[in-house]
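Asker: got a predicted model here, sequence first, then my questions.
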Amino acid sequence: MLRSKSTLLSFSQRKYDIKDINLAEKGLKRILWAENEMPVLKQIKEKFLREKPLKGKKISSCLHVTAETANLAVTLKAGGADVYLCASNPLSTQDDVAASLIKHYNIPVFAVKGENNEIYYKHINAVLDIKPQITMDDGADLITTVLLKRRDLLKGIIGGTEETTTGVVRLRAMARDKALAYPVIAVNDALTKHFFDNRYGTGQSAVDGIIRATNILLAGKAVVGAGYGWCGRGFAMRAKGLGARVIVTEVDHLKAIEAAMDGFEVMPMREAAKKGDIFVTLTGNLNVIDGS
């Protein structure tokens, strides 16, 4: 999907690339609403405003450009950081939030909902052009770009973070090959990440996305969840709560037993393919469902 009505303008002597700055007021409402549901981050922001632990640090971030991420970016700026943000997933970008971050918080954003692959990597390079000391990733594309194409930046980078299972898998493979040139904190390893984001957050958002996209009533449907990790557990729980008949496929025997003990049907994908109405992959891997 190509961009529409996108602008590349100057704002407070900084550049940004978003859909429409006039969406900012709507985006501000989203950000403030989300802040009410993020009390811990709000407390951290208050502490950061007093102590400025990130004063002088430049942070390049490639994350979902949503109201929740906006509150994170605002908190980092409160701590004294110079924060630049681009989208880790063009389909999740909230254009009004991007506009508000620029207009109300003076945080440069490079993100347009539905941007194509070419623009996506231009945005990644735009946030890297500040020569960051810290990178923040959701999928490891910032780090990969630095390692493959922007190695001149390595001397200034002190560390980074990675949020997703998929990204951590990529980075651990790099570390084994001694290709990871700076330390990265695996945020995904935190238990709170598993509980609140993967299990409860993904469980709800996956079901919400299906309903919004299809307008299908889940009650009475056979829903196949491929994988019973933290995301799989959360999705199965939510689908069951809406009345679906949930089938789980899982290659890990222990997790398969856990799914069965939790009350779900467990079977190989070859069998589930004959019974399912809706299929959701929750493994982070490719080719989980293939034609035979």
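Answerer: Yes, it's here. Numbers count the residues shown, from 1 in each chain.

Asker: check the gap between residue 274 and residue 247 for me.
Answerer: Taking CB to CB, to the nearest Å as the measure, residue 274 falls 10 Å from residue 247. For glycine as for every other residue, the C-beta is placed from the backbone atoms N, C-alpha and C.

Asker: surely residue 189 meets residue 167?
Answerer: No - the criterion here is CB atoms under 8 Å, and residue 189 misses it with residue 167 at 11.6 Å.

Asker: which of the two has more neighbours?
Answerer: residue 167 (26 against 11; other CB atoms under 10 Å).

Asker: where does that one sit: helix, strand or coil?
Answerer: Judged by DSSP: H, G, I helix; E, B strand; the rest coil, the three-state class of residue 167 is helix.

Asker: and it, what is it in contact with?
Answerer: The neighbours of residue 167, taking CB atoms under 8 Å, 6 or more residues apart in numbering as the test, are 137-140, 188.

Asker: domain map for this structure?
Answerer: Split into domains by the TED database, the chain comes to 21-192, 200-281.

Asker: related to what we said a few turns ago, so which of residue 274 and residue 247 has more stuff around it?
Answerer: The neighbour comparison of residue 274 against residue 247 (other CB under 10 Å) goes to residue 247, with 23 against 8.

Asker: that one should be in a strand, yeah?
Answerer: Yes - counting by three-state DSSP, residue 247 is found in a strand.

Asker: show me what contacts it?
Answerer: Neighbours of residue 247 in contact, by CB under 8 Å, 6+ apart: 222-225, 264-267, 272, 275-276.

Asker: for it, give its distance to residue 87.
Answerer: For residue 247 relative to residue 87 (CB to CB), the value is 33 Å.

Asker: show me the strands in this structure, by range?
Answerer: Using DSSP state E, the strands assigned to the chain run over residues 7-11, 14-18, 58-63, 82-87, 109-110, 134-137, 159-162, 184-186, 222-226, 245-249, 265-266, 278-281.

Asker: same for the last one, what does it pack against?
Answerer: In terms of contact count using 3 or more CB pairs under 8 Å, 6 or more residues apart in numbering; DSSP states H and E, strand 278-281 is assigned the packing partners helix 203-214, strand 222-226.

Asker: for the shortest one, which strands pair with it and how are they oriented?
Answerer: Going back to what we said before, that points to strand 222-226. strand 245-249 (parallel), strand 278-281 (parallel) (DSSP bridges).

Asker: compute the inter-axis angle for it and helix 203-214.
Answerer: For strand 222-226 against helix 203-214, the angle by axes from the mean of the first three to the mean of the last three CA atoms, to 10 degrees is 130 degrees.

Asker: so what's residue 38 up against?
Answerer: Applying CB under 8 Å, 6+ apart, the residues near residue 38 are 68, 71.

Asker: gap between it and residue 69?
Answerer: For residue 38, the distance to residue 69 - CB to CB - is 11 Å.

Asker: what do you get for residue 17?
Answerer: From residue 17 to residue 69 the distance is 17 Å (CB to CB).

Asker: so for those two, which sits in the more crowded spot?
Answerer: residue 69 (26 against 21).

Asker: who is the nearest residue to that one once chain neighbours are set aside paired with across the strands?
Answerer: Closest residue in space to residue 69, ignoring its immediate chain neighbours: residue 63 at 4.8 Å, by CB to CB, 6 or more residues apart in numbering. Legend: beta-bridge partners of residue 63 under DSSP bridges are residue 87.

Asker: distance of residue 63 from residue 159?
Answerer: 16 Å.

Asker: now do the contacts for residue 81.
Answerer: Contacts of residue 81 (CB under 8 Å, 6+ apart): 54-55, 57-59, 134.

Asker: distance check, it against residue 68.
Answerer: Taken as CB to CB, the span from residue 81 to residue 68 is 18 Å.

Asker: next one: residue 22
Answerer: For residue 22, the distance to residue 68 - CB to CB - is 23 Å.

Asker: now the helices for the stretch 1-150 of the chain?
Answerer: Listed in chain order, the helices of the stretch 1-150 of the chain (DSSP state H, counting those that start in this stretch) span 24-36, 39-51, 67-78, 95-105, 117-128, 141-149.
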